[in-house]
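Student: Take a look and give me a structure for this.
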Amino acid sequence: MSTQHLRPLPLPNPLLCCKLRVSLNATRSSSLKRCSSQNGAKAILTLEELPPNALRRKKDPQWRGGFSLGLDLGLARTGLALSKGFTVRPLTVLELRGQKLEVQLLKIAEQEEADEFIVGLPKSSDGKETPQSNKVRSIAGRLAVRAAERGWRVYLQDEHGTTTEATDRMINMGLSKSTQQRKLDAFAAMMVLERYFHLSGEGVELVLPKNLDLQEKLQRGPPKDIDFLDELEG
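Tutor: Purely as a prediction, here's the structure:
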């Protein structure tokens, strides 16, 4: 057969040949970064690559890692709860918003040696998101960017019914009505954490910064002996 009229096969489109799935392999990570800069796409980390602490504990009962902060985000108040080991307890209630809230959350995480935030996501009884869900997603997204600078992760956990559960818990504990009102948000955050650990992290949603450099910081985990909080305040 004559080859005179054969045309060379077209080269594959470089925009299609780069599958952006981050690996723990450093060499592949570098290639992903180069590909991303060429075609404008972003690598996507998965829960398998950044599993929440509850899932790590389920897979390896001997695992001892970072601690978890639970958040119940409200319009004016944010409840916090803390998990250290197998102990979950209400921590505090913050009456802050915007950047001041985010910086304070990072300070508390630093003090308590937490490496992940479990943020309650408001949903209806049938599992659908509510108007408040978008507001929580927005705050969680901003927090995720700041947290990623330290290698800390942010996850969303369905919080439907946790406020009622928190009220019932405080009534059973015999707390006064004034104490219930003051600590409701913190106890609701505790209910979010308890549900998260009860489900072993199944069903949580990873809040991922779009910036590829921040994704790589998440892969590397928290840095050693570096204080980012002063930079955030400056």
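
Student: Can you tell me how far the residue nearest to residue 122 when sequence neighbours are not counted is from residue 210?
Tutor: Nearest residue to residue 122, sequence neighbours excluded (CB to CB, 6 or more residues apart in numbering): residue 132, at 4.3 Å. (Each C-beta comes from the backbone N, C-alpha and C, glycine too.) Distance check for residue 132 against residue 210: by CB to CB, to the nearest Å, it reads 23 Å.

Student: ok, so what distance separates residue 59 from residue 94?
Tutor: Residue 59 sits 33 Å away from residue 94, going by CB to CB.

Student: Can you point out the buried residues in stretch 194-214?
Tutor: 194, 195, 196, 197, 201, 204, 206, 207, 208, 209, 212, 214 (16 or more other CB atoms under 10 Å).

Student: Kindly apply the preceding question to stretch 60-73 instead.
Tutor: Using 16+ other CB under 10 Å as the test for burial, stretch 60-73 gives 66, 67, 68, 69, 70, 71, 72, 73.

Student: tell me which element the third one falls in.
Tutor: When secondary structure is defined by DSSP states H and E, residue 68 falls within strand 67-73.

Student: so what does that strand touch, helix or strand wise?
Tutor: Judged by 3 or more CB pairs under 8 Å, 6 or more residues apart in numbering; DSSP states H and E, the packing partners of strand 67-73 are helix 53-59, strand 78-84, helix 98-112, strand 114-121, helix 131-148, helix 177-198.

Student: would you turn the ones you listed into CSV with mean pLDDT and distance to residue 154?
Tutor: Shown next, in CSV, are these (pLDDT from 0 to 100; distance: least, CB to CB, whole Å):
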stretch, mean pLDDT, distance to residue 154
helix 53-59, 90, 13
strand 78-84, 96, 14
helix 98-112, 96, 10
strand 114-121, 97, 5
helix 131-148, 95, 4
helix 177-198, 97, 13
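
Student: so how far is stretch 144-160 off the chain centroid?
Tutor: Relative to its chain's centre, stretch 144-160 lies at 2 Å (CA atoms, centre = their mean, to the nearest Å).

Student: Now for the spatially closest residue to residue 197 that is not a sequence neighbour: which residues touch it?
Tutor: For residue 197, ignoring the flanking residues on the chain, the nearest one in space by CB to CB, 6+ apart is residue 54 at 4.9 Å. Residues near residue 54 by CB atoms under 8 Å, 6 or more residues apart in numbering: 68, 196, 197, 199, 200, 201.
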